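Trainee: Quick one, structure for this:
(one chain, ligands or ions: 1)
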Amino acid sequence: MAAAVFPGSFDPVTTGHMDLIERAAAIFDRLVIGVLANSSKSPLCTIEERVQMLEGLTKDMQGIEVLSFDGLLADFIKKTGADTIVRGIRTPADFEYELPLAQANYKLNCKADTLFLATRPEYSYISSSAVKELARYKGNIEGFVPEAVYQFLKKKYNYPD
Ligand code: PNS
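Mentor: Numbers count the residues shown, from 1 in each chain. Here you go, the predicted model:
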């Protein structure tokens, strides 16, 4: 049974993340979405909110689990029994950042091979950090995040109607 982990901060989950989740779920029998608990000093969403949002968004999809983790990804992979890490690549800069991480993760855990999925062009400008910045200034995040996340953030950050 082929199992993979799709790790990230998901603060918040974006439409680009959802596209990658759907595509990775079609490749693997089991996909664990690993939500890093201590992702940032000033998170937009709590770890509970991020896990809950991902659970809601994936509830009708087969073979998906949402788990939070702390510490090293290489150790988390061991706990899940998965042997592949899935990461999305939006730009050449992403690849430069991700390649040494993939190599370090393999050094730390030889079961952890990384599979890079090229982000679809329509999502390549979307990032959680852009959404974070926009949400803090009540900028329009429609289309950057799934509808449920959009509604949640509008409420949490008191967007005007
Ligand atoms: O969504 P992000 O913030 O790009 O995800 C980054 C993540 C969670 C994949 C990365 O920060 C991570 O794996 N953190 C756990 C600590 C770790 O294992 N670091 C790599 C050391 S080689």
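Trainee: contacts and neighbour counts: CA atoms only from here.
Mentor: Noted.
Trainee: how about the residues of this protein near the ligand?
Mentor: With CA under 6 Å from any ligand atom as the criterion, the chain comes near the ligand at residues P7, G8, S9, F10, L36, G71, L72, L73, A74, L101, A104, N105.
Trainee: ok, what's across the strand from the first one?
Mentor: The reference is to P7. Partner residues in beta bridges with P7: G34, with DSSP bridges as the criterion.
Trainee: What is the burial count for it?
Mentor: The burial metric for P7, expressed as a neighbour count using other CA atoms under 10 Å, is 21.
Trainee: same check, this time on the third one
Mentor: Using other CA under 10 Å, the number of residues around S9 comes to 19.
Trainee: Output the residues of the chain next to the ligand in TSV; the columns should cover secondary structure.
Mentor: Compiled in TSV, these are given as follows (DSSP: H, G, I helix; E, B strand; the rest coil):
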residue	secondary structure
P7	strand
G8	strand
S9	coil
F10	coil
L36	strand
G71	coil
L72	coil
L73	helix
A74	helix
L101	helix
A104	helix
N105	helix
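Trainee: Mind jotting down where the helices sit in the chain?
Mentor: If you assign secondary structure with DSSP state H, the helices in the chain sit at 15-27, 47-58, 73-80, 92-108, 128-136, 147-156.
Trainee: circling back to that earlier point, name the member of the residues of the chain next to the ligand that has the highest neighbour count.
Mentor: If you count neighbours using other CA under 10 Å, the busiest of these is F10, which has 24 neighbours.
Trainee: isn't that residue right up against V131?
Mentor: No: under the criterion of CA atoms under 8 Å, F10 is not in contact with V131, lying 10.8 Å apart.
Trainee: hang on, the earlier thing: just send the helices of the chain back as a markdown table, with distance to I64 too.
Mentor: Conversion of the helices of the chain to a markdown table gives the following (distance: least, CA to CA, whole Å):
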| stretch | distance to I64 |
| --- | --- |
| helix 15-27 | 7 |
| helix 47-58 | 7 |
| helix 73-80 | 12 |
| helix 92-108 | 22 |
| helix 128-136 | 21 |
| helix 147-156 | 18 |
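Trainee: Much appreciated, bye for now.
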